[in-house]
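> Provide a 3D model corresponding to the input given below.
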Amino acid sequence: MAAGGFCKLPTGSVVVALNLPRPAADGTDCVRVLVHAQNRARALTRLRNLGMRAVYLRGNAAPPTPDEITAVLHHPDGLIWRTAPDLGVGPELVQELWHPIRALLRRPAASA
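Residues are numbered from 1 along each chain as shown. All right, here's what the predicted structure looks like:
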């Protein structure tokens, strides 16, 4: 289920893109996570350090698009997400803005 891919940049760093299930969801909702790091191993380590323990990159089936690369390079954390597009909709047609990763990991407020 976790489609993903990477792109090596001219500077030697990489951008890794992964489609993952949304944390604390019933598994029907997926998010597209982008990570900018020095190499693929460090990108995956950044996600694992945030609590996403079962994150692996197998193959290069869904590499980041040029627009996604631009978005993650311009974000100060180099780690962003948005809802993954449906199978029939390409990433270029998604209208949702990118969010910082802390917005994904934020736990909903407990109701009294």
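> Can you spell out which residues form a bridge with the residue most central in space within the chain?
Taking CA atoms, centre = their mean, the centroid of the chain lies closest to Val33, which sits 0.7 Å from it. With DSSP bridges as the criterion, Val33 is bridged to Leu18, Trp81.
> If you tally nearby residues, what's the number for Arg32?
23 (other CB atoms under 10 Å). No exception for glycine: its C-beta is placed from N, CA and C like everyone else's.
> isn't it right next to Thr83, touching?
Yes: counting by CB atoms under 8 Å, Arg32 does reach Thr83; the two are 7.4 Å apart.
> what packs against the helix or strand of the chain with the lowest mean pLDDT?
For the chain, counting by mean pLDDT, DSSP states H and E, helix 101-105 ranks last in confidence among helices and strands (a mean of 79). Helix 101-105 sits against strand 30-37, strand 79-83, with contacts defined as 3 or more CB pairs under 8 Å, 6 or more residues apart in numbering; DSSP states H and E.
> So which of the ones you listed is nearest Arg48?
Taking CB to CB, strand 30-37 is the member of those nearest to Arg48, at 10.9 Å.
> mind listing what's buried in the following helix or strand past that closest one?
Remark: after strand 30-37, the chain's next helix or strand is helix 40-49, criterion DSSP states H and E. With burial defined by 16 or more other CB atoms under 10 Å, the residues of helix 40-49 counted as buried are 43-44, 46-47.
> returning to what we had before: pick the most deeply packed of the helices and strands packed on helix 101-105.
strand 30-37 (a mean of 22; mean count of other CB atoms under 10 Å).
> And the contacts of that strand?
1, 13-22, 43-47, 64, 68-69, 71-73, 75, 78-85, 91, 98, 101, 104 (CB atoms under 8 Å, 6 or more residues apart in numbering).
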